[in-house]
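Q: missing the sequence, but the structure's below:
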């Protein structure tokens, strides 16, 4: 009989899954932008296929609140993004028919979550720097962290690249901020973080972006004068070309339609009469009449003037 009792005691101490099972250790909640992951370590010297159960219940005064199961897994972590309010979170281990005690932690997502850096774009425009801010977001569903907190302030820090110790900070609740009163043609660096005022929670800073400012978009007076003189010269040249073309067209039209010479009056009268009139037709030559030819000379008014 003593032999059997000794065998049972030996089995109890040799098999860690028999009797009271040790629970998970180093239970912590990691939360980034309300993406919550509960992590833990395997109990020391525990072998076999251990199954872990994760549950939570909200921290409310109602006594009827029960724990809700989130995960039943053999991994050492559980995605617990369903928790969006102050809650008690617990996990236990199960090996065959043995179950460990619950290991419970308290989790406040609004205080514990890490606010990542927002997305920032910087562009230089007319002596200013335009800062565009977007996010941060909760997961991949494009829900902004601002919707979770109800408010979100962006702290925009900027400084000259040559003087990093002289850092200036402006705060805004908008997604855009214009940095002015900057030196022209100077390299400035910018970084942005999200901040929640009611619980004094600051997020991570965005990567530093450096941009060079341009001029203030004011045209110097000497450029204005140069542009004015240039436009005047072009206008004068254009007008002269138009005048020359008009003169040439006028001379060509006059030469074609109003020539400098004129026909004698008797030829004009002759040409104005119909050519088919029989009285002007020359009679047919007869055998009795011999052919006679005379030379006809046209004299213009210019020729007469030269002769005189």
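A: Arrived safely, thanks for sending. Predicted model only: the values in this text are computed from it and were never measured. Numbers count the residues shown, from 1 in each chain.
Q: residues near residue 78, how many?
A: Neighbourhood size, residue 78 [other Cβ atoms under 10 Å]: 22. Heads up, the C-betas are built off the backbone N, CA and C, glycines and all.
Q: isn't it right next to residue 52, touching?
A: Yes - counting by Cβ atoms under 8 Å, residue 52 is a contact partner of residue 78 at 7.5 Å.
Q: which residues do the two both contact?
A: Residues touching both residue 78 and residue 52 (Cβ atoms under 8 Å, 6 or more residues apart in numbering) are 71, 91.
Q: could I get the full set of helices for the stretch 151-300 of the chain?
A: For the stretch 151-300 of the chain, the helices defined by DSSP state H, counting those that start in this stretch cover 221-257, 265-272.
Q: any weak-confidence spans in the stretch 151-300 of the chain?
A: 216-221, 257-300 (pLDDT under 70).
Q: mind listing the strands for it?
A: All strands of the stretch 151-300 of the chain, identified by DSSP state E, counting those that start in this stretch, fall at 153-160, 163-172, 176-179, 187-196, 201-202, 209-212.
Q: between these, which one is nearest to residue 27?
A: Closest of the strands of the stretch 151-300 of the chain to residue 27 is strand 201-202, at 23.3 Å (criterion: Cβ to Cβ).
Q: walk me through which strands the closest one pairs with, and which way each runs.
A: strand 187-196 (antiparallel) (DSSP bridges).
Q: so how far is the partner strand off the chain centroid?
A: Here strand 187-196 is found 18 Å from its chain centre; the criterion is Cα atoms, centre = their mean, to the nearest Å.
Q: before we move on, the earlier item: could you dump the helices of the stretch 151-300 of the chain into CSV with mean neighbour count added?
A: Shown next, in CSV, are those (neighbours: other Cβ atoms under 10 Å):
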stretch, mean neighbour count
helix 221-257, 10
helix 265-272, 10
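Q: the ones you listed: which one's closest to residue 169?
A: Among the helices of the stretch 151-300 of the chain, helix 221-257 sits nearest to residue 169 (Cβ to Cβ), with 36.9 Å.
Q: distance of residue 68 relative to residue 54?
A: 10 Å (Cβ to Cβ, to the nearest Å).
Q: can you check residue 83 too?
A: 10 Å.
Q: run through who's touching stretch 112-127.
A: Here stretch 112-127 makes contact (Cβ under 8 Å, 6+ apart) with 29, 31-34, 36, 129-136, 145, 154, 180, 182, 184, 190-194, 196, 201-207, 209, 211-217.
Q: do stretch 170-190 as well
A: 120, 122, 127-134, 151-162, 164, 195, 208-216.
Q: this completes my enquiry, with thanks.
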